[in-house]
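[1] Sequence below, structure please.
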Amino acid sequence: MLAQINTGIQIDWRIAATLPASPDNDQPLGQAGTLAGIHNNVMIIAGGANFPDKAPWNGGKKRYYKDVFVYEMDTRDVTRKLDKVFQLSLNTAYGASCSSSRGIVYAGGENESGISDQVILLRWDPVGKKNLINDLPSLPFPVTNAAATCHGNRVFVAGGETADGGVSSKFLSLDLANVSSGWKQLADLPKPISHAVMVVQSNGDQDAIYILGGRKRNASGISDLYASVYAFDFLKNQWQEKRSLPYPLSAGTGVAAGSHSILLFGGDKGETFQKAERLIAAISKEKDEKKREELNREKINVQLAHPGFSKEVLQYNTITNKWSIGGCIPFDVPVTTTACKWGKYVIIPSGEIKAGVRTPLVLAGKIISK
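    Got it, this is the predicted structure:
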């Protein structure tokens with residue numbers, strides 16, 4: 001199914017695969033917050049979290065996973081899963097993933113024990129047909145729902161939610177060719193950001209890192225939703241504000257495309273999210289038990305009626321500093337996952353398609369430049 005972007009890029013979308021069911025579930029549920037990346041021409045999808053028993057507003061408990069699934073392309077460009085399932089050492093979800101020639105970096109995240117500072121490197125051994133996992137230096141502090149991108153031998157991690165209930169504005173870098181030097185702190189983000197998209201793309205003169213959208217939770221219970229875009233100059237070690245998104249967007253996915261474009265897929269515009277936040281805040285302040293029950297029923301109805309997330313594809317031109325709104329993805333578009341470039345494809349694996357609901361589907365979009 002085709003999604004036409006009005007600047008000459010066309011994307012042919014299809015369902016490429018379905019994540020398997022976990023051993024204690026009859027049907028595949030999918031996971032949000034998976035580790036995802038490409039190495040040695042395979043895609044690795046690992047970890048993640050879901051609500052296997054019942055919805056969170058009905059008391060359902062979030063479950064975290066450590067299974068590792070490996071997918072490869074066959075001669076017809078259709079992904080297929082290798083039979084063997086590997087495992088991480090710990091359950092994990094909502095870490096920051098990025099792909100490099102040295103492997104897939106996964107930083108931070110969370111599980112039943114809380115937020116993590118762990119960083120690992122996953123590599124695929126094409127000869128032995130096995131997954132190799134190495135520990136990298138830990139982050140300076142635990143963080144979840146951060147953003148990550150790789151540029152050459154360096155991996156960058158930005159923002160994220162911290163163990164004290166705050167949101168980080170730190171911007172960190174690790175040289176994969178010299179990991180003993182540890183994480184270096186670069187210029188802080190212009191503001192605390194979580195749930196953002198971060199990619200490397202040329203600005204016409206040199207490569208830059210772009211961080212797009214995101215949000216920040218607050219003590220009031222009502223999050224700030226961002227439409228902001230910032231570009232990081234490697235040489236000057238500084239951030240510059242760029243033209244904002246057409247609307248606030250968080251927890252979406254994105255990739256660099258062509259020589260000077262960034263594509264964003266879906267994301268949460270935040271209308272339902274903030275309705276639920278306002279009701280949760282009201283419930284916490286309400287003293288009357290009957291009114292609390294009424295507010296809670298209203299909150300549950302809002303969450304049950306969740307319409308899903310944006311299906312739009314947005315394109316940013318890094319040279320003209322302009323946004324274009326393209327076509328729509330013809331499937332439910334997940335958030336809290338990581339889009340990956342795999343040859344001529346964009347892969348969006350599993351994720352959350354509405355409040356508390358995951359999808360096991362792996363979407364593939366073939367980018368066609370006209």
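
[2] The stretch 251-370 of the chain: strands as residue ranges?
    For the stretch 251-370 of the chain, applying DSSP state E, counting those that start in this stretch gives strands covering 253-257, 261-265, 312-317, 322-328, 340-342, 345-349, 352-354, 357-358, 361-369.

[3] winner for burial among those?
    strand 345-349 (a mean of 26; mean count of other C-beta atoms under 10 Å). The C-beta positions use only the backbone N, C-alpha and C, and glycine is treated the same way.

[4] Ok, which of the strands of the stretch 251-370 of the chain comes nearest Val68?
    strand 345-349 (12.4 Å; C-beta to C-beta).

[5] which secondary element of this protein has the worst mean pLDDT?
    Ranked by mean pLDDT, DSSP states H and E, the helix or strand of the chain with the weakest confidence is strand 2-4, at a mean of 48.

[6] can you redo the strands of the stretch 251-370 of the chain as JSON lines with distance to Ala46 and mean pLDDT?
    JSON lines is the format used below for the strands of the stretch 251-370 of the chain (distance: least, C-beta to C-beta, whole Å; pLDDT from 0 to 100):
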{"stretch": "strand 253-257", "distance to Ala46": "17", "mean pLDDT": "97"}
{"stretch": "strand 261-265", "distance to Ala46": "21", "mean pLDDT": "97"}
{"stretch": "strand 312-317", "distance to Ala46": "26", "mean pLDDT": "97"}
{"stretch": "strand 322-328", "distance to Ala46": "29", "mean pLDDT": "91"}
{"stretch": "strand 340-342", "distance to Ala46": "13", "mean pLDDT": "95"}
{"stretch": "strand 345-349", "distance to Ala46": "10", "mean pLDDT": "96"}
{"stretch": "strand 352-354", "distance to Ala46": "17", "mean pLDDT": "97"}
{"stretch": "strand 357-358", "distance to Ala46": "15", "mean pLDDT": "96"}
{"stretch": "strand 361-369", "distance to Ala46": "13", "mean pLDDT": "91"}
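
[7] ok, Pro142 - contacts?
    Applying C-beta atoms under 8 Å, 6 or more residues apart in numbering, we find Pro142 in contact with Gly108, Gly114, Ile115, Ser116, Asp117, Thr162, Ala163.

[8] I figured the fourth one hits Asn145, correct?
    The reference is to Ser116. No: applying C-beta atoms under 8 Å, one finds Ser116 not in contact with Asn145, separated by 11.9 Å.

[9] picking up where we left off before, from the contacts of Pro142, which single one is nearest Pro190?
    Among those, Thr162 lies closest to Pro190 (C-beta to C-beta), at 17.6 Å.

[10] Can you report how many residues neighbour the closest one?
    In terms of burial, Thr162 registers 20 neighbours under the definition other C-beta atoms under 10 Å.

[11] tell me the pLDDT at it?
    Reading off the confidence values, Thr162 has pLDDT 99.

[12] Highest neighbour count among the contacts of Pro142?
    Top of the contacts of Pro142 by neighbour count (other C-beta under 10 Å): Gly108, with 27 neighbours.

[13] circling back: need the contacts of Pro142 in JSON lines (columns: distance to Tyr230 and secondary structure).
    Supplementary listing: the contacts of Pro142 in JSON lines, determined by distance: C-beta to C-beta, whole Å; DSSP: H, G, I helix; E, B strand; the rest coil:
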{"residue": "Gly108", "distance to Tyr230": "20", "secondary structure": "coil"}
{"residue": "Gly114", "distance to Tyr230": "29", "secondary structure": "strand"}
{"residue": "Ile115", "distance to Tyr230": "24", "secondary structure": "strand"}
{"residue": "Ser116", "distance to Tyr230": "26", "secondary structure": "coil"}
{"residue": "Asp117", "distance to Tyr230": "24", "secondary structure": "coil"}
{"residue": "Thr162", "distance to Tyr230": "20", "secondary structure": "coil"}
{"residue": "Ala163", "distance to Tyr230": "25", "secondary structure": "coil"}
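
[14] In JSON lines, list those residues along with distance to Thr272.
    Converted to JSON lines, the contacts of Pro142 look like this (distance: C-beta to C-beta, whole Å):
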{"residue": "Gly108", "distance to Thr272": "26"}
{"residue": "Gly114", "distance to Thr272": "27"}
{"residue": "Ile115", "distance to Thr272": "25"}
{"residue": "Ser116", "distance to Thr272": "29"}
{"residue": "Asp117", "distance to Thr272": "32"}
{"residue": "Thr162", "distance to Thr272": "25"}
{"residue": "Ala163", "distance to Thr272": "27"}
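
[15] Relative to Tyr71, which of those residues is nearest.
    Distance to Tyr71, by C-beta to C-beta, is smallest for Gly108 among the contacts of Pro142, at 24.0 Å.

[16] so what's the closest residue in space to the closest one that isn't next to it in sequence up against?
    Here the nearest residue to Gly108 in space, its sequence neighbours aside, is Val143; by C-beta to C-beta, 6 or more residues apart in numbering that works out to 4.2 Å. Applying C-beta under 8 Å, 6+ apart to Val143 gives the contacts Ala96, Ala107, Gly108, Ile115, Asp117, Val157, Gly159, Gly160, Glu161, Thr162, Ser168.

[17] I'd like to know the predicted local confidence at Val143, please.
    Predicted confidence (pLDDT) at Val143: the value is 99.

[18] do the same with Asp77
    According to the per-residue confidence, Asp77 scores 72 in pLDDT.

[19] Give me the three-state assignment for it.
    coil (DSSP: H, G, I helix; E, B strand; the rest coil).
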